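Q: Below: sequence and its predicted model.
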Amino acid sequence: MGSFSELGLNDWLVKQCKAMGLTKSTPIQQKCVPPILKGEDCIGCAKTGSGKTAAFALPVLQKLSEDPFGIFALVLTPTRELAFQICEQFRVLGKPIGVRVTVITGGLDMNQQGIDLAVKPHIVISTPGRLASHIENCDTFSLKKIKFLILDEADRLLEDDFGQQLETIFGTLPKKRQTLLFSATSSPTFSSLMEVSDKKPFFWQQESTIATVEELDQRYVLCSADVKDAYMFHVLDKFLEKNPKSSVMIFTNTCKYAQILGMILQEMGVKCVILHSTLRQPERLASLASFKSHKVRIMIATDVASRGLDIPTVDLIINHNVPNRPKDYVHRVGRTARAGRGGTAITMVTQFDVKLVHAIEDFTNYKMKEHQAEESEVMDILTEIAVSRREAEIRLDERDFGQQKILNKRKRIIMDGEDPEAEAQRKEEVKRKFKDNNKIYKEYCERKKKKEKIIIRKEKQKTNKNKPRERPSTSVQ
Ligand SMILES: Nc1ncnc2c1ncn2[C@@H]1O[C@H](COP(=O)(O)OP(=O)(O)OP(=O)(O)O)[C@@H](O)[C@H]1O
Ligand SMILES: [Mg+2]
């Protein structure tokens, strides 16, 4: 690691880093800050917790201090909580120059956001959907002069479900600007972007044999699906007994199950907060605030919390379900073992998940170890957990949780100034496009594979021709 001043950063920024406890730069910062300062576009891929935020925030702030105006930079992120976190980083690092940063995300008052945009903040941090709505519905601001477009978690943003919103946003941006893409996992889109852009972006990817962080201890607990909750509770309980000061994030795949797990833990006397997309935004922010401030040490979340969130006290990640996409696994477990610290990830694996675990292990190139659970202790809590779960399900059904979710979603769409029917049609269209693109991509991969096979065969034929012929064996059996 080198010093920040070696990267070409001004003294005020170096001082500010020092004040935040950052004395030496990380590899992604060393590699990406100088080319960004030089004016190049940049694609940076480095593992979770490696300091990518400062790698783009520092050079943007330096450029802003040289020519301050609003709106100078636009940062896009896939999730709302991440937008707030990045805003915090910009505010702290840019305090000496009085940087004005605004967050524009769904779930919060659109009129207020319109006013915030009209007063020309230096930096706008946004999720694509809400910004696209502002662009379509209000003319109090312009992004025509921005100098920087930053996509944090770029691979996620460039997946197809954000496609139309990004199109709307990109349509209003100037051609002459610097574009910076950052993520812990890359995407085939990055290579196509490199090919199509006229000025070749600077590209840096951290080399490593494994996709996850070296300091992370990765384990699995094998159990039958019908007793998974009891095993999970047992694992959590044991960990908290040994690590009373640690924080734990539990990931599960649906909002309803996050809610059920929360109710089970409450019933078992364990305090926790919940974060998922059907909660109202103030509730989501309040959950995160109590977790970050260590008021509550357990957070149960869906994948809305799997990308980018930086909570240094998190020492354990529990995957209540095995994620379908290996990439999601990498991001989920990356919420611990950040900035050189250690951490543990324990994944609950049932008889139905073995293939998924293999896919994850192939992707990460890391073999998880088995985490032993005390079966007799699990047996002791089995009935209690099963009853709590059943009660939780009944209570949610009484509250019509699924229906409520649909209604909330429709309300949100209407509040965003959209027509829910048109939005549903748009989603169908996006899904169809995604399927088509996927088909084309699969066909392309097949063709590529065939071509490669032919080349390998030809190579083999060539080498065989050049080899001296072996004599046929003359031994008789
Ligand atoms: N040079 C540095 N020295 C020490 N700590 C650093 C340095 N740069 C950043 N950090 C700290 O490391 C932590 C992780 O940084 P950051 O959130 O930017 O990681 P990231 O690479 O964006 O991870 P993710 O892929 O999960 O989003 C933060 O707490 C940040 O303050
Ligand atoms: Mg990040």
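A: Yes, it's here. Because the structure is predicted, anything quoted here is derived from the model rather than measured. Ligands and ions are numbered 1, 2, ... in the order given.
Q: residue in the stretch 101-250 of the chain nearest to ligand 1?
A: The minimum distance from the stretch 101-250 of the chain to ligand 1, using Cβ to the nearest ligand atom, falls at Ala184 (3.8 Å). To be clear about C-beta, it is placed using only N, CA and C from the backbone, and glycine gets the same treatment.
Q: Do you have the strands of the chain handy? List them.
A: 42-45, 73-76, 101-104, 123-126, 148-152, 178-183, 202-205, 216-222, 247-251, 273-275, 298-301, 314-319, 343-349, 369-370 (DSSP state E).
Q: Can you list the strands that the fifth one pairs with?
A: If I follow you right, that is strand 148-152. strand 73-76 (parallel), strand 178-183 (parallel) (DSSP bridges).
Q: Redo the ones you listed as TSV? Include mean neighbour count and mean pLDDT.
A: Below are the strands paired with strand 148-152 laid out as TSV (neighbours: other Cβ atoms under 10 Å; pLDDT from 0 to 100):
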stretch	mean neighbour count	mean pLDDT
strand 73-76	24	98
strand 178-183	24	95
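Q: coming back round to it: nearest spatial neighbour of the residue of the stretch 101-250 of the chain closest to ligand 1, skipping sequence neighbours?
A: Spatially, and ignoring its direct neighbours in sequence, Ala184 is nearest to Thr48 (4.6 Å; Cβ to Cβ, 6 or more residues apart in numbering).
Q: Same question for Leu288.
A: According to Cβ to Cβ, 6+ apart, the nearest residue to Leu288 is Glu81 (5.6 Å).
Q: If you drop the residues flanking it in sequence, what lies closest to the residue in the stretch 301-450 of the chain that ligand 2 sits nearest to?
A: When scored by Cβ to the ion, the stretch 301-450 of the chain has Gly308 as its residue closest to ligand 2, at 4.1 Å. Nearest non-adjacent residue to Gly308, counting by Cβ to Cβ, 6+ apart: Leu82, 4.1 Å away.
Q: With Ser388 instead?
A: Distances taken as Cβ to Cβ, 6+ apart put Glu267 closest to Ser388, at 4.1 Å, once the chain neighbours are dropped.
Q: ditto for Phe363
A: Excluding its sequence neighbours, the residue lying closest to Phe363 (Cβ to Cβ, 6+ apart) is Pro326, at 3.5 Å.
Q: For the one you found, give me its contacts.
A: Pro326 makes contacts with 359-360, 362-364, as judged by Cβ atoms under 8 Å, 6 or more residues apart in numbering.
Q: of all those, which two lie farthest apart?
A: Pairwise distances among these were taken by Cβ to Cβ; the largest, 9.8 Å, belongs to Ala359 and Thr364.
Q: More neighbours: the two, which one.
A: When Ala359 is set against Thr364 and neighbours are counted by other Cβ atoms under 10 Å, the residue ahead is Thr364, at 20 against 16.
Q: Thought Ala211 was touching the more buried one, still the case?
A: Yes: Thr364 is within contact range of Ala211, at 4.4 Å (criterion: Cβ atoms under 8 Å).
Q: Between those two, which contacts overlap?
A: Val330.
Q: on that earlier part again, how confident was the prediction at the residue nearest to Phe363?
A: If you check Pro326, the pLDDT there is 97.
Q: Next: Lys411.
A: Lys411 is assigned a pLDDT of 68 by the prediction.
Q: Now do the same for the residue nearest to Phe90 when sequence neighbours are not counted: its pLDDT.
A: In this structure, Phe90 finds its nearest non-sequential neighbour in Val101, 4.8 Å apart by Cβ to Cβ, 6+ apart. For Val101, the pLDDT comes out at 98.
Q: Look up the residues forming beta bridges with Val101.
A: Beta-bridge partners of Val101, counted by DSSP bridges, are Ile123.
Q: show me the contacts for it.
A: Each residue near Val101 by Cβ under 8 Å, 6+ apart is listed here: 87, 90-91, 94, 121-125.
Q: ok, Ile385 - contacts?
A: If a contact means Cβ under 8 Å, 6+ apart, then Ile385 has 229-230, 233, 264, 268 as its contacts.
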